[in-house]
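J.: just coords:
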Ligand SMILES: Cc1cc2nc3c(=O)[nH]c(=O)nc-3n(C[C@H](O)[C@H](O)[C@H](O)COP(=O)(O)OP(=O)(O)OC[C@H]3O[C@@H](n4cnc5c(N)ncnc54)[C@H](O)[C@@H]3O)c2cc1C
């Protein structure tokens, strides 16, 4: 079997992986990025990004990714469209297997496969992502100035995101699917100080309606759909994409890869960055910085430096 050798293979070419590739390639490490589909990651799905530093105006997630990738390519990184389905981490060299049957070897690897929603289960949800269906108020609230939105969920995150939205939207319906929130009482009570937030209990969305953008929500048991301009879903949560690791790496209780302050996982030579590791705030700028830091620690690991060397002169 033909095996290609690299200094570093990065799994996932989202903002974490692409940023890691900029740094490893620029550090003159032979760098390969394996990405199954740029449109399948969180940034690839984001319809508009308006808060990435240095990029003025609205840009789609995929356009921002393209900028990052071409920058990494300009330093010599190679991007291949391949889905990684298995790893062999037993030896000093790490082996990666892809769905197309290719095998790659690397002295170090960086896992940057992100964290995705479990499944898009509500009728109309998949079709209207980016056209009124969102999963991140911090990202998208500013697009709903003065408009009517709904938040669906029972967690502390749903409560917090309703507060964020209340600063922009004219009206926020918080639809709790059960009789009570799974969040501290005082957090839920604090919503009563926000005149534009209305909490409705036992409201399960059965369909998200709209031709080109969200127009209304059908609620199980209600005759009349609720008219809204957008809906923010916090129903299924997201889980780190680690199915291809085969249980070879330590996880933290919440299912993310366990890393140290140097982004090293429990196996020497295997690093991880981005939403695949636990974090409170998921934002492109945060994961890009993690990709940078992981790459600098990869460089230290491969070259045996005692200190991390910054990439500037
Ligand atoms: C709808 C939406 C809107 C958002 N809006 C904003 C915003 O406005 N501003 C902001 O800063 N952040 C925003 N975010 C958050 C931001 O996009 C994420 O925090 C960020 O993309 C995470 O980066 P990542 O590189 O860790 O993972 P991802 O961006 O998810 O990239 C992971 C990559 O890994 C690839 N991959 C997965 N499994 C495999 C495999 N087995 N083999 C090969 N490749 C694989 C995927 O195809 C993907 O390209 C948004 C997120 C979503 C979902």
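T.: Right, received. Where do you want to start? This structure is a prediction, so every number in the text was calculated from the model and none was measured.
J.: let me know the next secondary structure element after the helix or strand of the chain with the lowest mean pLDDT.
T.: For the chain, the helix or strand with the lowest mean confidence is strand 115-117, at a mean of 79 (criterion: mean pLDDT, DSSP states H and E). Next helix or strand after strand 115-117 toward the C-terminus (DSSP states H and E): strand 133-134.
J.: how about the residue in the stretch 51-200 of the chain that the ligand sits nearest to, what does it touch?
T.: Among the residues of the stretch 51-200 of the chain, residue 114 lies closest to the ligand, at 2.5 Å counting by CB to the nearest ligand atom. C-beta: built from backbone N, CA, C; applies to glycine. Contacts here follow CB atoms under 8 Å, 6 or more residues apart in numbering; on that basis residue 114 touches 12, 14, 16, 41, 42, 240, 241, 274, 275, 276.
J.: out of the residues you listed, which are close to the ligand?
T.: The residues of those that also fall near the ligand, by CB under 6 Å from any ligand atom, are 12, 14, 16, 41, 42, 241, 274, 275, 276.
J.: what residues does the stretch 151-300 of the chain have near the ligand?
T.: For the stretch 151-300 of the chain, the contact set with the ligand under CB under 6 Å from any ligand atom comprises 241, 244, 274, 275, 276, 282, 283, 284, 285, 287.
J.: now the closest residue to the ligand within the stretch 201-313 of the chain. Nearest residue, chain neighbours left out?
T.: Nearest residue of the stretch 201-313 of the chain to the ligand (CB to the nearest ligand atom) works out as residue 274 at 2.3 Å. Computed as CB to CB, 6 or more residues apart in numbering, the closest residue to residue 274 that is not its neighbour in sequence is residue 16, at 2.7 Å.
J.: please apply the same query to residue 142.
T.: residue 168 (5.7 Å).
J.: okay, and that neighbour sits in which element?
T.: Short version: residue 168 belongs to no helix or strand, going by DSSP H and E.
J.: check which element follows the helix or strand harbouring residue 79 along the chain.
T.: With the criterion set as DSSP H and E, the secondary-structure element containing residue 79 is strand 78-81. Using DSSP H and E, the helix or strand that follows strand 78-81 towards the C-terminus is strand 84-88.
J.: quick one: contacts for the residue of the chain positioned farthest from its centre?
T.: Farthest-out residue of the chain from its mean C-alpha position, per CA atoms, centre = their mean: residue 223, at 35.8 Å. With CB under 8 Å, 6+ apart as the criterion, no residue contacts residue 223.
J.: SS state for it?
T.: Reducing the assignment at residue 223 to three states with DSSP: H, G, I helix; E, B strand; the rest coil gives coil.
J.: quick one: terminal-to-terminal distance for stretch 242-259?
T.: End-to-end distance for stretch 242-259, by CA to CA, to the nearest Å: 14 Å.
J.: that one: which residues count as buried?
T.: Within stretch 242-259, the residues that qualify as buried by neighbour count (16 or more other CB atoms under 10 Å) are 242, 244, 245, 249, 251, 256, 257, 259.
J.: do you know how far the first one is from residue 251?
T.: Just to be clear, that refers to residue 242. From residue 242 across to residue 251, the span is 8 Å (CB to CB, to the nearest Å).
J.: who touches both of the two?
T.: By CB under 8 Å, 6+ apart, residue 242 and residue 251 have these common neighbours: residue 257.
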